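K.L.:
Sequence plus predicted model, see below.
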Amino acid sequence: MKALYVYILLGVVALVLIWNGGNDSSNGGSRALHRRVGPGRRLKLRSSFSYTKHEPVAFDPLVAEMERRREDREWERHYIEQDKYNHNENHQHHDTAPAAESQPEWEDFANAEDYLNDEDRFNVSHRLTMLFPNVDVAPADGLLSNQELKDWHLRQALNEVMHRTDRDIELYDKNHDGFISLGEYEPPSWVRDSVNTSAYGIENGWWMADHFNASDEDGDGLLNRTEFNNFLHPADSNNPKLIEWLCKEEVRERDSDKDGRLNFKEFYHGLYDLIRNYDEDISNETHVHGHEPIREAAAKKLFLELDRDSDGFLTYMELQPMINRLHPGEEYYAKQQADYMIMQADADKDGHLSLKEMLDHPYVFYSAIFSDEEDEDYYHEEFR
């Protein structure tokens, strides 16, 4: 285990040297972020290890890499301690326990926050200037469109997702063959601990088997890296079998009379609010306090639009046009981040961002990790 941390330390140092190459701290027009926005505020790394909410990806790949390394450390510590606990429960000796107890914290080998707040090493204006041409690609016209920002964030997000998938493969691939079998994978805690476990059919294994089989595109009974990534993140998959599985699950979860389809009552009380909250136009049109008939009429209108055969019921196939609203993927969140950045930094309101606008509003592009030392709970509400 000690060798692992030596490797991580060397990797961080190499990454810093690569990304910081050519940084001229003598440039008077380039100032670090905390110089721009005043004293008392610092850049701080996040950790989204709990996965309890969707975290925005970092705009800067260097910051994203630092966050991944911190998250890896937390992930490793979590599963080492969990493994140690399981072994102790079984009264078995755990060889890695002493090493796990003696592992250093992140700050022992790389104080990332100090690095981020040292303008001689991490100059935000220089970073934005260097990153700008990497985002400005379609076309390279000196302006960043909403689509270019969305595509940039989506690429960063999918990299993060695949990194976590690789980590989970390491956890579940018991025979180290590079594939995950149904027997190797353990249901997540939210399934195991659910009070409605019987509703998911965990005892009989059908819920997990259906999900697994839908992810297994080549039908070989094993999930390769891409298939396992789709299994863990079905909302980001283009696998038609997995999309079909998601639709079936939405129907199955809300089908109170168990006839395999949704009547209007089941749709209205089970799914409509999820769709309405996703779609801002629907929300603005129907969210009228004290006017339930208006809301119900809007739900009925949507129901009739989805009910293609006009039989008064929605099948899982008829629900498919709404599945992206029920399960928003990384593309949806990338669009949110792009919209937010243009809204905050587009000074001339032309719908694009110039490099000057980015340099004039650097906090927008580092707001996901921007905090106030006097108020550790300060974060932009848009990204909660």
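P.N.:
On my side now, so go ahead. Residues are numbered from 1 along each chain as shown.

K.L.:
residues near S256, how many?
P.N.:
For S256, the count of nearby residues is 12 (other C-beta atoms under 10 Å). No exception for glycine: its C-beta is placed from N, CA and C like everyone else's.

K.L.:
Within the helices and strands, which one has it?
P.N.:
Using DSSP states H and E, S256 sits in no helix or strand.

K.L.:
give me every residue that touches it.
P.N.:
E266 (C-beta atoms under 8 Å, 6 or more residues apart in numbering).

K.L.:
distance of it from Y115?
P.N.:
55 Å (C-beta to C-beta, to the nearest Å).

K.L.:
Same question for E186.
P.N.:
Distance from E186 to Y115, by C-beta to C-beta: 37 Å.

K.L.:
higher neighbour count, these two?
P.N.:
Counted by other C-beta under 10 Å, E186 and Y115 do not tie: Y115 has more neighbours, with 17 against 11.

K.L.:
And that one, its phi and psi?
P.N.:
phi -60, psi -50 (degrees, to the nearest 10).

K.L.:
is it true that it touches R121?
P.N.:
Yes. Judged on C-beta atoms under 8 Å, Y115 makes contact with R121 at a distance of 5.7 Å.

K.L.:
Could I get the average pLDDT for stretch 167-174?
P.N.:
Per-residue pLDDT values over stretch 167-174 give a mean of 92.

K.L.:
So what touches it?
P.N.:
D72, W75, Y79, G178, F179, I180, E184, Y185, E186, R225, F228, L232.

K.L.:
mind listing what's buried in that stretch?
P.N.:
By neighbour count with 16 or more other C-beta atoms under 10 Å, stretch 167-174 contains the buried residues R167, D168, I169, D173.

K.L.:
So which of those residues sit within helices?
P.N.:
Cross-referencing the buried residues of stretch 167-174 against helices under DSSP state H gives R167, D168, I169.

K.L.:
For L314, state which of these is nearest.
P.N.:
D168 (33.7 Å; C-beta to C-beta).

K.L.:
Check the spacing between the closest one and E331 real quick.
P.N.:
22 Å.

K.L.:
Ok, K150 next?
P.N.:
For K150, the distance to E331 - C-beta to C-beta - is 8 Å.

K.L.:
For these two, indicate the residue with more neighbours.
P.N.:
K150 (20 against 17).

K.L.:
The more buried one should be in a helix, yeah?
P.N.:
Yes. The assignment for K150 is a helix, going by DSSP: H, G, I helix; E, B strand; the rest coil.

K.L.:
residue boundaries of the strands in the stretch 101-250 of the chain?
P.N.:
Counting by DSSP state E, counting those that start in this stretch, the stretch 101-250 of the chain has strands at residues 180-181, 222-223.

K.L.:
Let me have those in JSON lines, adding distance to E160, mean neighbour count and mean pLDDT as columns.
P.N.:
JSON lines is the format used below for the strands of the stretch 101-250 of the chain (distance: least, C-beta to C-beta, whole Å; neighbours: other C-beta atoms under 10 Å; pLDDT from 0 to 100):
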{"stretch": "strand 180-181", "distance to E160": "20", "mean neighbour count": "20", "mean pLDDT": "96"}
{"stretch": "strand 222-223", "distance to E160": "20", "mean neighbour count": "22", "mean pLDDT": "97"}
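
K.L.:
export those strands to a markdown table and tack on distance to L45?
P.N.:
A markdown table is the format used below for the strands of the stretch 101-250 of the chain (distance: least, C-beta to C-beta, whole Å):
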| stretch | distance to L45 |
| --- | --- |
| strand 180-181 | 30 |
| strand 222-223 | 31 |
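
K.L.:
Listing request: residues of this protein with sub-threshold pLDDT.
P.N.:
Counting by pLDDT under 70, the chain has low-confidence residues at 1-41, 47-54, 80-110, 187-207, 277-291, 367-384.

K.L.:
try it again with 90
P.N.:
By pLDDT under 90, the low-scoring segments of the chain are 1-57, 63, 65-122, 171, 183, 185-209, 269-271, 273-295, 363, 366-384.

K.L.:
So H327 sits against P234, correct?
P.N.:
Yes. At 7.0 Å, H327 and P234 qualify as touching, with contact defined as C-beta under 8 Å.

K.L.:
which neighbours do the two share?
P.N.:
With C-beta under 8 Å, 6+ apart, H327 and P234 have common neighbours L246.

K.L.:
Let me see the contact set for L271.
P.N.:
Counting by C-beta under 8 Å, 6+ apart, L271 makes contact with E250, R254, L262, L319, M322, L326.

K.L.:
Run through the residues that contact the second one.
P.N.:
I take that to be R254. With contacts defined as C-beta under 8 Å, 6+ apart, R254 is in contact with L262, E266, F267, G270, L271.

K.L.:
Show me which residues of stretch 125-136 are buried.
P.N.:
S125, H126, R127, L128, T129, M130, L131, F132, V135, D136.

K.L.:
Please apply the same query to stretch 230-250.
P.N.:
Buried positions in stretch 230-250, judged by neighbour count with 16+ other C-beta under 10 Å: 230-237, 239, 242-243, 245-250.

K.L.:
Right, I'll leave it there.
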